[in-house]
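K.L.:
Attaching a predicted model along with its sequence, questions to come.
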Amino acid sequence: TLRVLEDTLGTVLARQPPTRVPSKDWVTEVQRLWPPLLVGGLHVRFPWHTDPAPTEASASLVLEPGMAFGTGEHPTTRMCCEWLQ
């Protein structure tokens, strides 16, 4: 609990009163915030992106982000994208 943490730290933590978060479509909101990526010459995009690949892209890869492959920003994902080229 918060009290145990305060006792462990030897300090009193600031309290913030709860605030109501407005209802919204959080899936759409998160998707809006994930832009396509250019990894080398590979245009990495997601199914909801409809814009054409940039001219410097030699190929496109459509990812379905999730637990296994994610957003394309993790170093191992970038490494796999570089290997694909």
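P.N.:
Good, I have the coordinates.
K.L.:
buried stuff in the top helix by length along the chain?
P.N.:
Taking DSSP state H as the criterion, the chain has its longest helix at helix 75-84. Neighbour-count burial for helix 75-84, counted by 16 or more other CB atoms under 10 Å, picks out 77-78, 81. In this view, the C-beta of every residue, glycine as well, is placed from N, C-alpha and C.
K.L.:
could you dump the residues you listed to a markdown table with distance to Val21?
P.N.:
Putting the buried residues of helix 75-84 into a markdown table (distance: CB to CB, whole Å) gives the following:
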| residue | distance to Val21 |
| --- | --- |
| Thr77 | 30 |
| Arg78 | 32 |
| Cys81 | 35 |
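K.L.:
quick check, nearest of those to Thr55?
P.N.:
Among those, Cys81 lies closest to Thr55 (CB to CB), at 18.4 Å.
K.L.:
Would you check that the closest one makes contact with Leu63?
P.N.:
No - under the criterion of CB atoms under 8 Å, Cys81 makes no contact with Leu63, lying 9.3 Å away.
K.L.:
Need the residues touching each of the two.
P.N.:
Shared contacts of Cys81 and Leu63 (CB atoms under 8 Å, 6 or more residues apart in numbering): 44, 72.
K.L.:
Look up how far Gln85 lies from Trp34.
P.N.:
21 Å (CB to CB, to the nearest Å).
K.L.:
same thing with Pro52?
P.N.:
In terms of CB to CB, Pro52 sits 19 Å off from Gln85.
K.L.:
do the same with Pro54
P.N.:
Taken as CB to CB, the span from Pro54 to Gln85 is 15 Å.
K.L.:
Same question for Leu9.
P.N.:
Distance, Leu9 to Gln85, using CB to CB: 49 Å.
K.L.:
how about the helices of this structure, start to end?
P.N.:
Using DSSP H, the helices found in the chain span residues 2-9, 26-33, 75-84.
K.L.:
Let's have these in JSON lines, adding mean pLDDT and distance to Gly40.
P.N.:
As requested, the helices of the chain are exported to JSON lines (pLDDT from 0 to 100; distance: least, CB to CB, whole Å):
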{"stretch": "helix 2-9", "mean pLDDT": "91", "distance to Gly40": "45"}
{"stretch": "helix 26-33", "mean pLDDT": "85", "distance to Gly40": "23"}
{"stretch": "helix 75-84", "mean pLDDT": "84", "distance to Gly40": "6"}
